[in-house]
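Engineer: got a sequence here, can you model it:
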Amino acid sequence: MRTRLNSTFLVIITGTILCLLTSCHKTDITPDCGAPLCQIQTFEGDDDWWEGHVINTLTYNKAGNPILRTRSDVATGNENEGYRYDAKQRLSDQILHYADGAYGTDFREWHRFKYHNNEDRPYMDSLYINGTIGDHPIPYPFLPPVIIVIYFNYDTKGRLIEENSFYTDGAAWYKKKYLYNSANNLEKLAASWNPTGSRVDTTYYGPYDNKVNFLRTNKVWQLLTRNYSENNTQTAITYNNFGLPLQFPNDSKGRTVLFLDADLTNAKITYKCK
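Structural biologist: Okay, here's the model as predicted:
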């Protein structure tokens with residue numbers, strides 16, 4: 001028992017020292033203060049749309065970046081996801097598929113991210129719809145390829161604040177703007193879905209807790225969930241020693257916890273921590 005307590009104490013002290021050495025404070029946006037010491041292993045909860053319990057399981061590479069997300073509710077619109085990286089361990093591909101993502105199998109969506117020089121945040125996403133998995137997206141021979149281009153803009157803190165999407169003919173698909181508050185949490189998302197932008201749908205977020213946002217365990221989760229908030233959108237029932245949420249309550253107003261494309265109630269998260 002003494003050894004176990006000492007190990008836990010040592011990890012906490014190590015995390016604290018790392019935070020101090022990296023000048024970790026309230027305005028940091030990149031994963032810090034214990035978050036990078038943990039990896040999300042499972043994200044599960046109840047999906048009101050599918051009226052069932054959903055489990056998302058995550059696998060990582062040796063560099064600590066996710067390479068596979070499998071889900072218990074696989075279907076069209078609920079695909080598994082594979083992730084690929086370039087030589088600098090920057091996310092290069094997000095592939096939505098139905099099985100294990102092996103070469104020669106089908107994909108539903110394929111996102112290819114591009115970067116400027118040595119920057120660590122992509123400026124563009126080329127989205128391919130339906131095809132065969134290879135080193136690159138392989139279109140079906142009987143269907144014309146569908147390609148959509150999405151451009152990203154960031155603020156000085158490295159947070160995604162705007163994305164603009166276009167079809168291959170140049171016609172606009174959507175525009176999204178993300179507004180953060182003074183506490184460095186996402187306050188609202190304004191999305192317009194037609195070329196004129198005359199109709200704007202606004203989504204509001206919060207109230208937030210004062211703990212570490214679980215998305216900050218990896219910058220891939222921040223990008224793909226489109227949320228760079230410092231804190232969590234709900235107050236959890238329990239947290240681990242690093243301030244990361246373990247279980248969220250069944251919200252009386254029906255608010256869900258979002259991870260990637262999974263909006264779940266009664267959400268539970270497990271981690272593997274150093």
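Engineer: tell me the spacing between the residue positioned nearest the centre of the chain and residue 134.
Structural biologist: Taking C-alpha atoms, centre = their mean, the centroid of the chain lies closest to residue 221, which sits 2.6 Å from it. As judged by C-beta to C-beta, to the nearest Å, residue 221 and residue 134 stand 26 Å apart. From N, CA and C alone the C-beta is placed, and that goes for glycine too.
Engineer: how about the nearest residue to the residue nearest to the centre of the chain, chain neighbours excluded?
Structural biologist: Ranked by C-beta to C-beta, 6 or more residues apart in numbering and with sequence neighbours excluded, the top spatial neighbour of residue 221 is residue 215, at 4.5 Å.
Engineer: tell me what residue 269 is bridged to.
Structural biologist: Beta-bridge pairing of residue 269 under DSSP bridges involves residue 43.
Engineer: ok, it to residue 190 distance?
Structural biologist: The gap separating residue 269 from residue 190 is 28 Å, by C-beta to C-beta.
Engineer: between the two, tell me which one has more neighbours.
Structural biologist: Neighbours per residue (other C-beta atoms under 10 Å) separate residue 269 from residue 190, with residue 269 holding more: 23 against 15.
Engineer: worst-scoring helix or strand of this structure, pLDDT-wise?
Structural biologist: Every helix and strand in the chain was compared by mean pLDDT, DSSP states H and E; the lowest is helix 2-21, with a mean of 38.
Engineer: follow-up on the earlier one: any idea how far the strand or helix carrying the residue nearest to the centre of the chain is from the chain center?
Structural biologist: When elements are assigned from DSSP states H and E, residue 221 belongs to helix 219-225. Helix 219-225 has its C-alpha centroid displaced from the chain centroid by 3 Å (C-alpha atoms, centre = their mean, to the nearest Å).
Engineer: for stretch 142-159, list every residue counted as buried.
Structural biologist: Residues 147-150, 152, 154, 159 are the ones in stretch 142-159 that count as buried (16 or more other C-beta atoms under 10 Å).
Engineer: do stretch 168-178 as well
Structural biologist: 174-178.
Engineer: what average pLDDT does that stretch get?
Structural biologist: Averaged across stretch 168-178, the pLDDT comes to 92.
Engineer: which residues sit against that stretch?
Structural biologist: Outside stretch 168-178, the residues that touch it by C-beta atoms under 8 Å, 6 or more residues apart in numbering are 147-149, 159-167, 186, 188-195, 197, 226.
Engineer: residue 187 in helix, strand or coil?
Structural biologist: For residue 187, the assignment made with DSSP: H, G, I helix; E, B strand; the rest coil gives strand.
Engineer: in space, what's closest to it - neighbours in sequence excluded?
Structural biologist: Nearest non-adjacent residue to residue 187, counting by C-beta to C-beta, 6+ apart: residue 181, 4.4 Å away.
Engineer: that neighbour touches residue 205, doesn't it?
Structural biologist: No - using C-beta atoms under 8 Å, residue 181 is not in contact with residue 205; the gap is 9.3 Å.
Engineer: quickly list what's touching both of these two.
Structural biologist: Common neighbours of residue 181 and residue 205, using C-beta under 8 Å, 6+ apart, are residue 187.
Engineer: which residues of this structure score low on pLDDT?
Structural biologist: Counting by pLDDT under 70, the chain contains low-confidence ranges at 1-34, 50, 195, 197.
Engineer: before we move on, the earlier item: neighbours around the residue nearest to residue 187, how many?
Structural biologist: Neighbour tally, residue 181, other C-beta under 10 Å: 13.
Engineer: ok, now the one 10 residues further on?
Structural biologist: A count of nearby residues for residue 191, using other C-beta under 10 Å, gives 16.
Engineer: distance of it from residue 78?
Structural biologist: Distance of residue 191 to residue 78, computed by C-beta to C-beta: 21 Å.
Engineer: please apply the same query to residue 214.
Structural biologist: As judged by C-beta to C-beta, residue 214 and residue 78 stand 21 Å apart.
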